[in-house]
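Chemist: Have a look; sequence and predicted model below, questions after that.
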Amino acid sequence: MGKVKKNNKNGAPVQMEQFGLQHPRSAGIDIGSMLMVVSYTDRNNNNRIAEFNSFTDSLHELAALLASEKLEVVTMEATGPYWKVLFSILEQNGMKIVLVNPSHYRNVSARKTDINDAQWLHQLLAHGMLRDSHIAPELYRELRSYLHEREVLQQQKSDTLNRIQKVLTLMNIKFQHLISDIEGVAGMLLLRAISTGIREPEALLKLIDYNRLKASPEDLLSSLKGDYQNYYTNILSQNLESYDFAKAQMAVYETYIQGTLQKLLPEEKQATLRAAQKKGMVRKNQYHFNLKGYLEAIFGVDLTEVDGLDEIGLLTILAVTGNDMSKWPTAGHFASWLNLAPRPKVSGGRVIGYEKRITNNPATQAFRLAANSLWQNKGPLGQQYKKLASTKGSAKAIKAIARKIAVIFYNMVLKQEAYDAGKVQQDVELQTAKKLAHLQKAAAKLGLILQKVA
């Protein structure tokens, strides 16, 4: 006898989604680099097609046309970067926009044209069959753009340091192997001195406080003897200029980032954090202002208390997700959007595998980096990571713990609750009982009996 399927948590039967006309006043836009094709329903409920080029004036004309027809919602496909300008213009005109992930939208088997794509998008939207992508508000998109450019400059700076190390190797100078960081105070003093033409090892050694270094003065002196060719010195000088330029540009973007964070602050905290700067030494690639204070004020809770989450990672997450977690109904929806939830493929009533999906979501990468940093952590999350890594492998452990951190993040921001490590800590007695049961089962297979030693 068959059974009624009830897979909701409250035991209610599964409801089938209705595909009636849900958005009669709607439009679909096919995005191109030079051509925009829009299918829309006019005031007389007639479906029409219009074409516009991608120049800014034409995009404003497109937005004016849709506004004049009193449309409720517009959809477009996320095609490269071409959708962003039109999205912004439509947003400024107060329109609701559904941005569609290309992997979620497939055309029917037919001759592919721009008009067919626009009409198909329009039809799917009108019947409520499209899923909207998460797009953060304008201020968060501005913050994300600044962060991206700063990361690009940081990578350029790193590449320049690698080229500097290669020049030193060609000159047979070895001090970079004796100090912990060539970008530190001592390393940069020596590099700048060599680039100005100083070649005597004794003169170079006097420029730094070698007593604070682990290497002996004799080894440092030997490491500074090299093949000082003029063209190598010239190349080193130009690389240092590139390094200084990248650092200066990073500092400029840092001011832009701080200004954007200032706009995101609650009004009562803007004056407090405006001039707040870090005290003491600032580590390389770190921010010079009180980033932790900004993040705590914007999120409403101190998320750096969660093992693995640091200021830079949280800033990346903020720029992508914003601080409004109500956009996702549950923590499970949030983890699924991050592509951190398992996606089982079921056939014949059994799981036949798991779907593998690749994502470029910066927030996902930030959560995965947070999980990966726990391999030496002694807290509850670190213990769970090491246990999973030993049994399932590091790849699955990173994804599982990244999902757990994302769920903690979601609940802390949504409920405005402080981090409680006790909720994450696994039941020690239960884990011990499971281990004992496993050992007893293994011993029984070998004809042995385990007894507890008094």
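Modeler: Noted; the coordinates are in hand.
Chemist: you'd agree K174 is up against S223?
Modeler: Yes. Between K174 and S223 there is a contact at 3.9 Å, judged by Cβ atoms under 8 Å. To be clear about C-beta, it is placed using only N, CA and C from the backbone, and glycine gets the same treatment.
Chemist: and L71, how far is that from I29?
Modeler: Using Cβ to Cβ, to the nearest Å, one gets 11 Å for the distance from L71 to I29.
Chemist: A strand includes A50, no?
Modeler: Yes. Checked against DSSP: H, G, I helix; E, B strand; the rest coil, A50 lies within a strand.
Chemist: Make 265 the starting number, not 1.
Modeler: With 265 as the first residue, the last one maps to A314.
Chemist: unless I'm mixing things up, it is touching D294, no?
Modeler: No. When contacts are counted by Cβ under 8 Å, A314 is not listed as touching D294 (11.3 Å).
Chemist: L335 and I293: who's more crowded?
Modeler: Counted by other Cβ atoms under 10 Å, L335 and I293 do not tie: I293 has more neighbours, with 27 against 22.
Chemist: quick one: stretch 568-575 to chain centroid distance?
Modeler: 15 Å (Cα atoms, centre = their mean, to the nearest Å).
Chemist: meant to ask about stretch 685-703
Modeler: Its chain's C-alpha centre and that of stretch 685-703 lie 33 Å apart, by Cα atoms, centre = their mean.
Chemist: what comes up buried for that stretch?
Modeler: Across stretch 685-703, burial judged by 16 or more other Cβ atoms under 10 Å covers V688.
Chemist: just stretch 410-418 next, same as before
Modeler: In stretch 410-418, counting by 16+ other Cβ under 10 Å, buried: Y410, L411, E413, R414, E415, L417, Q418.
Chemist: most residues in a single helix of this protein, which one?
Modeler: helix 494-528 (DSSP state H).
Chemist: who does that helix touch, helix- and strand-wise?
Modeler: Applying 3 or more Cβ pairs under 8 Å, 6 or more residues apart in numbering; DSSP states H and E, we find helix 494-528 packed against helix 402-434, helix 449-459, helix 555-563.
Chemist: redo that, cut-off 6 Å
Modeler: Using 3 or more Cβ pairs under 6 Å, 6 or more residues apart in numbering; DSSP states H and E, the elements in contact with helix 494-528 are helix 402-434, helix 449-459.
Chemist: How about residues contacting stretch 495-513?
Modeler: Contacting residues not belonging to stretch 495-513 are listed as L417, Q420, K421, T424, R427, I428, V431, M435, S459 [Cβ atoms under 6 Å, 6 or more residues apart in numbering].
Chemist: I should have written stretch 343-360 there, sorry.
Modeler: I295, S297, L323, A327, A331, V337, V338, M340, I361.
Chemist: Please type out the PyMOL selection for whichever of the residues you listed turn out to be buried.
Modeler: Per 16+ other Cβ under 10 Å, the buried members of the contacts of stretch 343-360 correspond to this PyMOL selection:
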select buried, resi 295+323+327+337+338+340+361
